[in-house]
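Asker: need a structure here:
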Amino acid sequence: MPDNTRESLGSRLGFLLLTAGCAIGLGNIWRFPYVTGKYGGACFVAFYLFFLAVMGLPLMVMELAIGRASKRTLFGAAKVLTHSHPERWQIPAGIFCMGCAVLMIFYTTVTGWMLCYTFDYLFGGLSALNTEAIGQHFGALTASPWKNVVFMCVTVAAGSAVCGLGLKNGVERVTKFLMGGLFILLLVLCCRALFLPGAKEGLKFYLMPSMAAVRETGLSEVVVAAMGQAFFTLSLGVGAITICGSYIGHEHSLMKESLIIILLDTAVAVLAGIVIFPACKSYGIDVSSGPGLVFVSLPDIFNHMVWPRLWGAFFFLFMSAAAFTTVVAVFENLIAFMIDELHYSRRKAAVVNTIVITIFSLPCALGFNLLSGIHPLGGDSTILDLEDYLVSDILLPLGSVFIVIFCGAASAWGWRNFFAEANTGKGMKLPMWTRWYIFTLLPLAIVALIVIGTIKRWWPE
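Answerer: Sure, this is the predicted structure:
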């Protein structure tokens, strides 16, 4: 039976911002702009929004429903909600929950890079560099074992400390502060970008559909890329959203709550594009220049502006806030697992989480320097690439298929129970006719995405 003594969030706003914070991360701000640039701008964005509605929304409702009904993690829900043989469902649920740990052992290193760049701009270490020196600066950062480890450890310690303070006093309070600050910083950066010379051309590329760009790239490539971005941006499939659902009541329907969360997530991604595309067009930067767009191209842009330290510090503070909201939300899932299944106190769980994640994050932090000779996926791949592949290409999509089956199979939770839970409360309801789509087309679309991603990675043209 669900645990009615479980902690709960203090407000609906806290729940919405925590769940949105889990979804909002570097995928919105780091990956979304350069993928949009690579696949033709506005047409990619249109397909992305479509798949967000038809794939992301129902999956979000399912994860939240599992959490709210069970008042447990995804692993605990498999034991509490199943009708027979819960152990058969707990094994895969436990594997997919491990995705949160794998995510953190590389996400903490990348978050550490954001923090490092924030300090570099605040203290003037980046603002005086020319284009060539900026590229060398990022290379020097990744090549430095002590910088990578120190900033990774700061990220891990801060994330676990916030969770250790408690659900309301730590997680909810800090998330509200970070999310509020994130939107303020984003709006300030948008205003600055819109007044750059040539900003109009950047907005035109971003917001005006161009079929010429689609024909150049290939419609199938654009569609698959948009589907992938829409699927991965919400952190679905590894139980991170489930834990957010476990902390709320039944006042509002989950369709309504999911729609608000997805709108918040999308707003950050779209606004980040309004910052980046005008800036790139104004200074002649290639908008499809890959991940280096954030760490090399954008600092070069800031250094050509008036007050480069201010705008650079603002941008990387914004990036750090976006990344840290995900760190806190995912750490909360790991800590809740220890509390529920190992019966640890919250403080003990936070300490153990700090130690375990720090140890397992070291290979990624050292993978660009002391362990740079290791290429787990061949070529020039790094340990970070392997960990990202395990989460993005395997655990997230397969975990989402598991969640669909769990909500539909009669031997697990079943459609009737899921449907009743999703529609409890005020607001939009999940229509009955969606049953066929959710349990037929949706898993097929996810499996197709897995197959296409696998072929592209291992058998590229």
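Asker: ok, residue 124 - contacts?
Answerer: By Cβ atoms under 8 Å, 6 or more residues apart in numbering, the residues touching residue 124 are residue 309. The way it works is simple: take the backbone N, C-alpha and C, and place the C-beta from them, glycine included.
Asker: Quick check on it: phi, psi?
Answerer: phi 80, psi 10 (degrees, to the nearest 10).
Asker: Quick check, pLDDT for it.
Answerer: Predicted confidence (pLDDT) for residue 124: 80.
Asker: Residue 346 too?
Answerer: Looking at residue 346, the pLDDT reads 95.
Asker: pretty sure it contacts residue 162?
Answerer: No - with contacts counted by Cβ atoms under 8 Å, residue 346 stays clear of residue 162, the gap being 11.5 Å.
Asker: higher neighbour count, the two?
Answerer: residue 162 (23 against 18; other Cβ atoms under 10 Å).
Asker: Surely the more buried one is in a helix?
Answerer: Yes - the assignment for residue 162 is a helix, going by DSSP: H, G, I helix; E, B strand; the rest coil.
Asker: ok, now how distant is it from residue 117?
Answerer: 21 Å (Cβ to Cβ, to the nearest Å).
Asker: before we move on, what about residue 229?
Answerer: 24 Å.
Asker: Now the phi/psi pair for the nearest residue to residue 308 once chain neighbours are set aside, please.
Answerer: Distances taken as Cβ to Cβ, 6 or more residues apart in numbering place residue 127 nearest to residue 308, at 4.2 Å, with adjacent residues excluded. Here the main-chain torsion angles of residue 127 (degrees, to the nearest 10) amount to phi -70, psi -20.
Asker: What count of nearby residues applies to residue 127?
Answerer: Neighbour number of residue 127 under other Cβ under 10 Å is 20.
Asker: list the helices and strands whichever strand or helix holds residue 89 packs on?
Answerer: Element membership for residue 89 (DSSP states H and E) is helix 86-122. Counting contacts by 3 or more Cβ pairs under 8 Å, 6 or more residues apart in numbering; DSSP states H and E, helix 86-122 is packed against helix 26, helix 74-80, helix 131-143, helix 145-164, helix 308-341, helix 346-366, helix 383-389, helix 396-408.
Asker: what sits up against the shortest one?
Answerer: Contacts to helix 26, defined as Cβ under 8 Å, 6+ apart, come from residues 107, 110, 111, 114, 319, 322, 323, 326.
Asker: Verify the stated contact: the last one with residue 18.
Answerer: No - Residue 326 is not in contact with residue 18 according to Cβ under 8 Å; the separation is 10.7 Å.
Asker: So which of residue 229 and residue 117 has more stuff around it?
Answerer: Neighbour count, other Cβ under 10 Å: between residue 229 and residue 117, residue 117 has more, with 27 against 23.
Asker: Hmm, residue 316 and the more buried one touching each other?
Answerer: Yes - using Cβ under 8 Å, residue 117 is in contact with residue 316, at 4.3 Å.
Asker: Relative to residue 411, how far out is the residue lying farthest from the centre of the chain?
Answerer: Distance from the C-alpha centroid of the chain peaks at residue 84, with 33.4 Å (Cα atoms, centre = their mean). Distance of residue 84 to residue 411, given as Cβ to Cβ: 6 Å.
Asker: Need the residues touching each of the two.
Answerer: By Cβ under 8 Å, 6+ apart, no residue touches both residue 84 and residue 411.
Asker: in terms of contact, does residue 335 touch residue 346 like I think?
Answerer: Yes - counting by Cβ under 8 Å, residue 335 touches residue 346, with 6.7 Å between them.
Asker: Now do the shared contacts for those two.
Answerer: Common neighbours of residue 335 and residue 346 (Cβ under 8 Å, 6+ apart) are 163, 164.
Asker: thought the residue nearest to residue 308 was touching residue 134?
Answerer: No - shown here, residue 127 and residue 134 do not form a contact pair, counting by Cβ under 8 Å, at 10.2 Å.
Asker: shared neighbours, these two?
Answerer: Shared contacts of residue 127 and residue 134, counting by Cβ under 8 Å, 6+ apart, come down to residue 303.
Asker: where does the protein dip in pLDDT?
Answerer: 1-5, 287-292, 460-461 (pLDDT under 70).
Asker: one step back: if I've got this straight, the residue farthest from the centre of the chain is in a strand?
Answerer: No - residue state for residue 84 (three-state DSSP) corresponds to coil; a strand is not indicated.
Asker: Use 26 as the first number for this chain going forward.
Answerer: Okay, residue one is now 26; in that scheme the one you just asked about reads as residue 109.
Asker: Can you tell me the number of residues neighbouring residue 380?
Answerer: Quick note: residue 380 (other Cβ under 10 Å) scores 11 neighbours.
Asker: What of residue 82?
Answerer: Residue 82 has 20 nearby residues by other Cβ under 10 Å.
Asker: what does the one 10 residues further on give?
Answerer: A count of nearby residues for residue 92, using other Cβ under 10 Å, gives 29.
Asker: In this structure it contacts residue 279, no?
Answerer: No - assessed by Cβ under 8 Å, residue 92 is found out of contact with residue 279, at 9.7 Å.
Asker: Tell me the residues that contact both of those two, please.
Answerer: With Cβ under 8 Å, 6+ apart, residue 92 and residue 279 have common neighbours residue 270.
Asker: With only the CA atoms kept, save stretch 199-217 in PDB.
Answerer: This file holds the C-alpha atoms of stretch 199-217, laid out as PDB (Å, rounded to 0.1, in the frame of the first residue of the first chain):
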ATOM      1  CA  VAL A 199      16.300  26.100  -3.200                       C
ATOM      2  CA  THR A 200      14.500  24.900  -6.400                       C
ATOM      3  CA  LYS A 201      12.100  27.900  -6.200                       C
ATOM      4  CA  PHE A 202      15.100  30.300  -5.800                       C
ATOM      5  CA  LEU A 203      17.100  28.700  -8.700                       C
ATOM      6  CA  MET A 204      14.100  28.500 -11.000                       C
ATOM      7  CA  GLY A 205      13.100  32.100 -10.300                       C
ATOM      8  CA  GLY A 206      16.700  33.300 -10.800                       C
ATOM      9  CA  LEU A 207      16.900  31.200 -14.000                       C
ATOM     10  CA  PHE A 208      13.900  32.900 -15.600                       C
ATOM     11  CA  ILE A 209      15.100  36.400 -14.600                       C
ATOM     12  CA  LEU A 210      18.600  35.800 -16.000                       C
ATOM     13  CA  LEU A 211      17.100  34.300 -19.200                       C
ATOM     14  CA  LEU A 212      14.800  37.300 -19.700                       C
ATOM     15  CA  VAL A 213      17.700  39.800 -19.200                       C
ATOM     16  CA  LEU A 214      19.800  37.900 -21.700                       C
ATOM     17  CA  CYS A 215      17.000  37.800 -24.200                       C
ATOM     18  CA  CYS A 216      16.500  41.600 -24.000                       C
ATOM     19  CA  ARG A 217      20.300  42.100 -24.600                       C
END
